[in-house]
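Student: For reference, the sequence and a predicted model appear below.
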Amino acid sequence: MAHPATPVPGATVAGGASPAAAGRGTGVAEVVSRFAEAWRDGPAPPDLPAFLPDSPAIRRVSLIELIKVDLVNRWSRNTEPKRLAEYVAELPELSTWPLPPDLIYEEFHVRRRAGSSVRVGEYTAAYPAQAQELSEMLATDDYHSTMMTAATEPDRLDDIDVGQRIDDFDLMTSLGRGAFAKVFLARQRSMQRLVALKISQNKGSEPQTLAQLDHEYIVRVFDQRVLPSRRLRLLYMQYVPGGTLYSVLERVRVTPPAERSGAMLLEVVDAVLAAKGEITPVESSVRAVLATLSWPETIAWLGRRLAEALDYAGRRGVLHRDIKPANVLLTAEGIPKLADFNISFSGNVSGASPVAYFGGSLAYMSPEQLAAVHPDKSTTAADLDSRSDLYSLAVMLWELLTGSKPFHDESVTGGDRTTLDGMLGRRAAGPDALPYEDLPPDCPAALRRALARALEPDPDRRWATGADMAQQFDVCLDARARDLVDPPPGSWRLRARLWIIPVMAVAIGIPNSLAIFYSYHHNRTLIIDKMDEQAQRQFGEIAPNAYGLCFLIGFIVTNVLIAGPLAIAFGLHGGREYDAARLAKARSDTLRLAQRNVLTCFALWALSGVVVPVTVQASGSRLTADAYLHFFVTQIVCGAIAMAYPYFLVSFYAVRSLYPMFLPHGGLGRADADQLATLDRRSDYFLAIAAAVPLLGVAGATFIPAEDIPSVIVALRVLCVGSAAAFVGVYWLFRTLEKDLAALQRIVAR
C-alpha cells in the first residue's frame, strides 16, 4: 500500500506513531494497550474518552489510535458498529483538523472485512481533501493495518508450511495455493478429524457467505477462526480428496477426443487419491455410472450438478463470481463440489491489473463481469446476478468438453484496457461465433444448446435459472428424453411438429367417422326400418343433419383448443421468443389436448342420443320407449369409441412430437411435473374405456329383442372384433406413452 508522502497532522506512518509523536511513542502505546485490554476483558465497549491522556503532546495521536482499535473491535465483533462521522459528532476535537487518511483507510477495511459492500468512490466523495491519497491507498485489497497494536509483523503466507501447527490445526499436506491463500490438509486436534484448512489474510466475507450454503454439490464449511495477533483467518471445511477439475482439464488436453470418457475422469481422480495415499472406493454406484458415460455425457453429468449448486446459491442471493476448474473439487467418487464463493471485487481497478484480484480467472468471466472490472465501464459487481455464474459455468464446461475455451482466451496474460476490450468484443458476437467444429461428433444437441444459450452476451437471453440449465443437462443423460426432445433428422416426429391440424383431423375424424357408420347402420336395422315411411324419411333427414352439426361443433372446438399450441409452435419454429407464462400455458394446453377433445366428442355423442329421437318425436313420428333406450345406448357406445381411440392417438402425438419442442426453452417446474403425472394417471382410465368398448357392445345387445338379433349379429361381430383389434393398438400406444411420460417426468422432477 502506498502511504501519503506528506503526513497530515495526527497521521500515523507504517511504524505506528505520527511524526509529531516521535520520541513519545511509548506513552501512546501504553494508552492504546490499556484500551485494547479493556476491550478484551470487558463485557461492553469501553468508554473511549476516558482513556484519552491529558497531555496535549500525545492526546491527538492517542485519539486517532484509540479510534482505530475501537473500529476494529466494534466491526469484527458486530458490537454497535460505528462510522467515523459518529466519532466526529461525539468527539468535537476531531473536527478541528482534517481526518488522517490512515484513519479513513482503517474504517474502509474494517467495514469490508465485516462483509459490507464498500466502494472507493464513496470515500473519495466524502473526503474530497484526501481524495487523491485515498484513491491510491484503497485501490488494492493488499491491506496492512496502521494500528500501533499491529507493530509485530504477522506470519506471512510464504512462511506457513507443512509440519507446522496453526492454532488447533496440524498442517499435514499442501492441497494448493492461490494469490491470497494457502490450503492444507490438516488435522483438527479438538475434533480429531481431517479438514481442508484455508489460511488467508483476515479480510473479505467468504466465511459469512459460505456459512449460508448447505448443498451436496457445494463444499461444506465447518467454521472459521481469526487470529488477530497474526492477522490470519483460518477457514476449515469438508475435505474433498479427489483433486479439482483443473487436473481433469490437464488430462483432457493431452488425450485424443476419441479416448475421453467418464472412465478417464475416474482415472484422474484415482491418480490424485493415490498420490495422497487415499483409498479408491471399490463399491460405488456413482463410479459405476460414470464409467459407462461418453465424454459429452460426462460433461453433462458434471454440469447438471454444478448448475444445481448455482441454482441453490442463487436462490439465496449468493453469487460465486469465480467459476473455474480449480474451484471445482472432486470427491473420491468423482462428484463435483463448488468451493471459493464470493471473491471480493475491488471498487477501483485503475491502479493495478484486474488479474491481481481474480488470479487468471478473466477468461471465464461473463461480459457483464468483465465490464465490472473494466476501469472505463459503469457496470459494478452489484449489477451481476446468477446468470453471470451460469455463463462462467458454460465457459468452463466448453473447455472441458473440447480442451479449449470457447472464445480462445488462452493467451490472456494481463488485464489492461486493451485485453478487456478484446475479450468483451469476442463475447459480443454471441453463440453464432462459437467454434462448434471443436465439439465432439457425439455431442448431444441438448448439450450444445445448453452451452450456447448460456453463452449469450445478453443475460436476458440466457437460462433464467440454474434449474433450467440443469434440466437441459438431464436431457443429455436420459436416452429416451434426448430422443424425444431432439429426434433424429428426418424423423416423422420432427416433421409432424407443425402438422397439428391434419394430425388432429385424422386422429379424431377417423374413429368418429367409423362410429357414425356403425351407429347409422345399427340404428337403421333396429329402429328406422321398423318405422313407417314418413317417420323413416324424417329420421333420415334429422339424423344426418344432427351428425353434421355435431361434426361442425367438434371441428370448431378442436381448432379453438389447438390454436394456442399451434401459434406458439409456428412462432418457435420461426425463431420467435415467448415469455415463461406463455410457454407454460402452451405446454399445459398440449398435455390437455387429448382429454379436452375427446370429452367434447363424447358430450356431442351423448347429446345426439337425446336430441335426435326427441326431434323425431316432435316432428309427429312416434317412437317406443325401447327405441329411445336403444338409440341412446348405441350413441354411448359410439361415444366411448370416440373417446378411447382418439385419446391415445392425440396423446401419443402430443407427447412424442409436440410437447418436447417446448422443453429446450426452459421454465419447467412443479406444475409441469404435476400435469405429466396427471396425464399418466388419466391414461389408465381411458385404457379401461377402450377395453370396455366390446363389452358395452355386448351389453347393448341384451336390450335387443331376440327376433332382431340375427339382423344385427354381423354389426355386433364387427364391433367386438374391431374394437378388440383396436385395443391391441391402443395398448401399444399406452405402453409407449407410459415410457415417454416417465422420461419427461424424470427431467422435470429434478
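Tutor: In hand now; what should we look at? Numbering: from 1, shown residues only.
Student: what's the distance between the most centrally placed residue in the chain and Gly666?
Tutor: The centroid of the chain falls nearest to Gly466 when counting by Cα atoms, centre = their mean (1.0 Å). According to Cβ to Cβ, to the nearest Å, Gly466 stands 11 Å off from Gly666. The C-beta positions use only the backbone N, C-alpha and C, and glycine is treated the same way.
Student: Next: Asp684.
Tutor: 30 Å.
Student: Comparing the two, which shows the higher neighbour count?
Tutor: Gly666 (20 against 10; other Cβ atoms under 10 Å).
Student: Which helix or which strand is home to the closest residue to that one other than its chain neighbours?
Tutor: With Cβ to Cβ, 6 or more residues apart in numbering as the criterion, Gly666 has its nearest non-adjacent residue at 3.5 Å, and that residue is Asp468. Per DSSP states H and E, Asp468 falls inside helix 466-477.
Student: and that helix, what does it pack onto?
Tutor: Helices and strands touching helix 466-477, by 3 or more Cβ pairs under 8 Å, 6 or more residues apart in numbering; DSSP states H and E, are helix 295-315, helix 386-402, helix 445-454, helix 479-485, helix 709-749.
Student: Could you pull up the mean pLDDT of the first one?
Tutor: Looking back up the chat, that one is helix 295-315. Averaged across helix 295-315, pLDDT comes to 95.
Student: In CSV, please show the C-alpha coordinates belonging to it.
Tutor: Extracted as CSV, the C-alpha positions of helix 295-315 are listed here (Å, rounded to 0.1, in the frame of the first residue of the first chain):
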residue,chain,number,x,y,z
TRP,A,295,-17.2,-37.7,-22.6
PRO,A,296,-20.1,-35.4,-23.6
GLU,A,297,-22.4,-37.3,-21.2
THR,A,298,-19.7,-36.8,-18.5
ILE,A,299,-19.7,-33.1,-19.1
ALA,A,300,-23.5,-33.0,-18.9
TRP,A,301,-23.3,-35.1,-15.7
LEU,A,302,-20.9,-32.6,-14.1
GLY,A,303,-22.8,-29.6,-15.5
ARG,A,304,-26.1,-30.8,-14.1
ARG,A,305,-24.7,-30.9,-10.6
LEU,A,306,-22.9,-27.7,-10.8
ALA,A,307,-25.9,-25.9,-12.3
GLU,A,308,-28.0,-27.3,-9.4
ALA,A,309,-25.4,-25.9,-6.9
LEU,A,310,-25.5,-22.4,-8.5
ASP,A,311,-29.3,-22.5,-8.6
TYR,A,312,-29.4,-23.3,-4.9
ALA,A,313,-26.9,-20.5,-4.1
GLY,A,314,-28.6,-18.0,-6.5
ARG,A,315,-32.0,-18.6,-4.8
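Student: I'd like the helices and strands packed on helix 466-477 laid out as a markdown table, including mean neighbour count.
Tutor: Listed next are those as a markdown table, based on neighbours: other Cβ atoms under 10 Å:
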| stretch | mean neighbour count |
| --- | --- |
| helix 295-315 | 24 |
| helix 386-402 | 25 |
| helix 445-454 | 22 |
| helix 479-485 | 19 |
| helix 709-749 | 16 |
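Student: looking at those helices, which has the lowest confidence?
Tutor: With a mean of 80, helix 709-749 has the lowest mean pLDDT of the helices and strands packed on helix 466-477.
Student: chain center to that one: distance?
Tutor: 40 Å (Cα atoms, centre = their mean, to the nearest Å).
Student: now stretch 164-172
Tutor: 38 Å.
Student: All further residue positions should be reported with the first residue as 52.
Tutor: Noted, 52 is the first residue going forward, which turns the last one into stretch 215-223.
Student: Now do the buried residues in it.
Tutor: Ile217, Asp218, Asp219, Phe220, Asp221, Leu222 (16 or more other Cβ atoms under 10 Å).
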